[in-house]
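Novice: below are the sequence and a predicted model; questions follow.
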There are 2 protein chains.
Amino acid sequence: MTTTTSGFATIQQRDLVNQIADMLTEALLKGDFAPGVHLAEAQLARDFGVSRAPVREAARLLESRGMLVSQPRRGFFVRTFNAAELDDVYDLRLCLERHAVRLLAGKLTAEMEAALDAQLETMRRVANDGTALQQIEEDVAFHRMLCQFSGNQRLVRVFDELCHEMRFCILLIGQLYDDPAQVAESHQPVMDALRTRDANACEAALDYHIGIAQQRVGEMFREREGQ
Amino acid sequence: MTTTTSGFATIQQRDLVNQIADMLTEALLKGDFAPGVHLAEAQLARDFGVSRAPVREAARLLESRGMLVSQPRRGFFVRTFNAAELDDVYDLRLCLERHAVRLLAGKLTAEMEAALDAQLETMRRVANDGTALQQIEEDVAFHRMLCQFSGNQRLVRVFDELCHEMRFCILLIGQLYDDPAQVAESHQPVMDALRTRDANACEAALDYHIGIAQQRVGEMFREREGQ
DNA sequence: AACTTTCAAACTGTCGACACTCGACAGTCG
DNA sequence: CGACTGTCGAGTGTCGACAGTTTGAAAGTT
């Protein structure tokens, strides 16, 4: 790595791979690469000013996150989604979060409640003065908390993997939240259900909440696919 | 293995990475490496007679499967399990398979039924004249079919990831099936429930089946941990 | 004897190079 | 005119090497 004379950049002597992975992720989410397009290692290496080794590792990382796919001897390609795959992702997400809220309903503490309330507040705030990306991130953060508080760390890991795909897919579509405030508010019923500690009520509220989201994203995707 | 129109098996220039990954996996499952032990890239490369690059990639692959963990600048280590993590894995597995059988209950075809029955038969056969490893593989194959037939491909992928960990963990413990025939038979109630097409009955049968397995593996693990 | 310092071996992260493979394109033969 | 073959460029798979870091033990100090 060419050390820039401005002492700032040297902090990240740490890990080129993660930096590259982050940059690639950002580029993918920004839509710089069309779905299905081939990513040449040497070209990316030149662009980033590094050798192919770290680029290759970063690409494998994104592959494991489902944002790239690879073919032997042909290299990496930007992941393409079809409507069926998107449905699968949402279906699985529902499966996970249902399980999470059922577990959580039986063990919700005051601290967890406060943290979730605070997150809702944050969502309301960025609904007004945040970017679309921020809104999505805070939305995801709320759902991630549900998983986290369920106590099953393995479940959180799968949720994170799924989120990478959802984010990718959502931003691929373009605008999602035409009324961010309404989206933020739609989480309140889930929170209310949690407070009752009734697992069935929680699951029902979540079903409704995620069902709506899936329907909207699905519609937009199918529209886009039809073109 | 795929076949071409001419009937020949496609010679896939099996790249080194997969071969190494397979060998490493086998070694790990055989218990050649103690949990927590450090795997030096150069040493493995010498053992396999290759350079470090493919070893590194294979190790990253196993890391994504949860069999190794890596620390920056320190390399790869054999994954260690504790009882809590094992519980998480089984809990998540239950979550996935419940969802799968619920979906499957509504769409079970004659072909699927036949395939599942055949798999049960295979399990009974290897219960008599198979190795412990075969018994585990056929057991896993039955549960994998449930996921496959649910129609959610993404769910299958997560199930596969979990299986790598379960297999690893189970073989880490040592003997699991002291009565293989009984284990094979314990799948029958799930199959019977499926035939009724009643989602609740399916879920209940599965809960019972997996609950028993989790309890047994958990007990053995805790015993071993206590040492 | 316990504790710190020094130092060398081992190891990882990264690099540039080379061989082999794949796909495209043009040329050849029926 | 169409199908097959040979060639060429682009790109991946793999390798050996170097630099900086970590580790563990020897050496030195109180």
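Specialist: That came in fine, so what should we check first?
Novice: residues near residue A:109, how many?
Specialist: 10 (other Cβ atoms under 10 Å in any protein chain shown). For the C-beta atoms, the positions are set from N, CA and C on the backbone; glycine is no exception.
Novice: which pLDDT value goes with it?
Specialist: Here, the pLDDT recorded for residue A:109 equals 97.
Novice: tell me the contacts of residue A:195?
Specialist: A:108, A:113 (Cβ atoms under 8 Å, 6 or more residues apart in numbering or on different chains).
Novice: now it: which helix or strand?
Specialist: According to DSSP states H and E, residue A:195 maps onto helix A:188-196.
Novice: show me what counts as buried in the strand or helix carrying residue A:218.
Specialist: Here residue A:218, judged by DSSP H and E, is contained in helix A:199-226. For helix A:199-226, burial by neighbour count (16 or more other Cβ atoms under 10 Å in any protein chain shown) applies to A:199, A:201-206, A:209-210, A:213-214, A:217, A:221.
Novice: same deal with stretch A:40-49?
Specialist: Within stretch A:40-49, the residues scored as buried using 16+ other Cβ under 10 Å are A:41, A:44, A:45, A:48.
Novice: considering those, which is situated nearest to chain B?
Specialist: Distance ranking of these against chain B, using Cβ to the nearest Cβ, places residue A:41 first at 12.7 Å.
Novice: any idea how far the closest one lies from residue A:215?
Specialist: 39 Å (Cβ to Cβ, to the nearest Å).
Novice: same thing with residue A:199?
Specialist: Distance of residue A:199 to residue A:215, given as Cβ to Cβ: 24 Å.
Novice: circling back: okay if I get the buried residues of helix A:199-226 as CSV plus pLDDT?
Specialist: Shown next, in CSV, are the buried residues of helix A:199-226 (pLDDT from 0 to 100):
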residue, pLDDT
A:199, 96
A:201, 96
A:202, 96
A:203, 96
A:204, 96
A:205, 96
A:206, 96
A:209, 93
A:210, 93
A:213, 87
A:214, 89
A:217, 85
A:221, 83
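Novice: would you map out the domains in chain A?
Specialist: A:9-78, A:83-226 (automatic domain parsing).
Novice: what does chain A put close to DNA strand D?
Specialist: Counting by Cβ under 7 Å from any atom of the strand, the residues of chain A close to DNA strand D are A:13, A:38-43, A:52-53, A:56, A:70, A:72-76.
Novice: look at residue A:179 and report its pLDDT.
Specialist: On the pLDDT scale, residue A:179 is placed at 83.
Novice: mind listing what it touches?
Specialist: Contacts of residue A:179 (Cβ under 8 Å, 6+ apart): none.
Novice: again with residue A:28
Specialist: Taking Cβ under 8 Å, 6+ apart, we find residue A:28 in contact with A:62, A:67, A:78, A:168.
Novice: ok, back up a step: buried ones in the helix holding residue A:195, by neighbour count?
Specialist: Of all the residues in helix A:188-196, those buried under the rule 16+ other Cβ under 10 Å are A:189, A:190, A:191, A:193, A:194.
Novice: same question for stretch A:91-107.
Specialist: By neighbour count with 16+ other Cβ under 10 Å, stretch A:91-107 contains the buried residues A:91-105.
Novice: neighbouring contacts of that stretch?
Specialist: Contacts to stretch A:91-107, defined as Cβ under 8 Å, 6+ apart, come from residues A:112, A:143, A:146-147, A:149-152, A:155, A:158-159, A:162, A:166, A:190, A:193-194, A:197-199, A:202-203, A:206-207, A:210-211, A:214, B:91-92, B:95-96, B:99, B:152, B:154-155, B:158.
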